[in-house]
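Undergrad: prediction below, plus the sequence it came from.
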Amino acid sequence: MRVPGAAAAALLLGACGFHLQGRAPLPDPVKTPYLEVPDRQSDFVQSLRRALLSNGAHLAREKGQASAVVSIVKDNLTRRVVSVSATNQPKQYEVTYTVGFSVTAGDKELLPQQELSATRTYSFDERLLLAKGHEDDVLRADMARDLADMVMRRLASL
């Protein structure tokens, strides 16, 4: 008796538009996108590629074969000191990852240029230099994933 109930629940969830987090169905205009990027190895671009592929997109190798062009016009990471110790050593940093993008299909603009950013702060101790360097890398990768998810939500809304 539990199987029909579970099947009914699954049908109801599917009917209301429910989908797993991170999995947004992509509309037809962005099913075969081309990524136009200045740096293919950046954390954000790698996260965006993975997100597109996991959501069923087939990345075009050439611009002419694409259904849409996702142009990354800004991919910038900044780090600034937030607080210092009495000996003028940094104690806390703020890391901001900013991306700018637009989406076009032929001569039609699907999404005008937009800018998204994510900010994180972390404490710093020069005695733990290696660990804090790793923490900076983990924060940067996490912000890149968050920004890629934001872009995916915008693409899914087209």
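TA: Great, that's in hand.
Undergrad: what ranges does the protein have for its strands?
TA: Along the chain, the stretches classed as strands by DSSP state E are 33-36, 68-84, 90-105, 108-123.
Undergrad: what residues sit buried inside the shortest one?
TA: Spelled out, that is strand 33-36. Buried residues in strand 33-36, counting neighbours by 16 or more other CB atoms under 10 Å, are found at P33, Y34, L35. Where C-beta positions appear, they are placed from N, C-alpha and C, glycine not excepted.
Undergrad: ok, so of these, who is nearest K91?
TA: Comparing the buried residues of strand 33-36 against K91 with CB to CB places L35 closest, at 38.4 Å.
Undergrad: which non-adjacent residue is nearest that closest one?
TA: V70 (5.4 Å; CB to CB, 6 or more residues apart in numbering).
Undergrad: I'd like to know how far the one you found sits from T32.
TA: According to CB to CB, to the nearest Å, V70 and T32 sit 11 Å apart.
Undergrad: who has more neighbours, the two?
TA: V70 (23 against 15; other CB atoms under 10 Å).
Undergrad: was I right about that one contacting V30?
TA: Yes: with contact defined as CB atoms under 8 Å, V70 counts as touching V30 (7.5 Å).
Undergrad: who touches both of those two?
TA: V103, L155 (CB atoms under 8 Å, 6 or more residues apart in numbering).
Undergrad: my read is that A60 contacts E36, right?
TA: No: taking CB under 8 Å as the definition, A60 is not a contact partner of E36, at 10.5 Å.
Undergrad: related to what we said a few turns ago, of the buried residues of strand 33-36, closest to R79?
TA: The closest of the buried residues of strand 33-36, once distances to R79 are taken by CB to CB, is L35, at 25.7 Å.
Undergrad: for the closest one, what are its contacts?
TA: Taking CB under 8 Å, 6+ apart, one finds V45, L48, R49, L52, L59, V70, I72 in contact with L35.
Undergrad: filter the residues you listed down to just the buried residues.
TA: Judged by 16+ other CB under 10 Å, buried ones among these: V45, L48, R49, L52, V70, I72.
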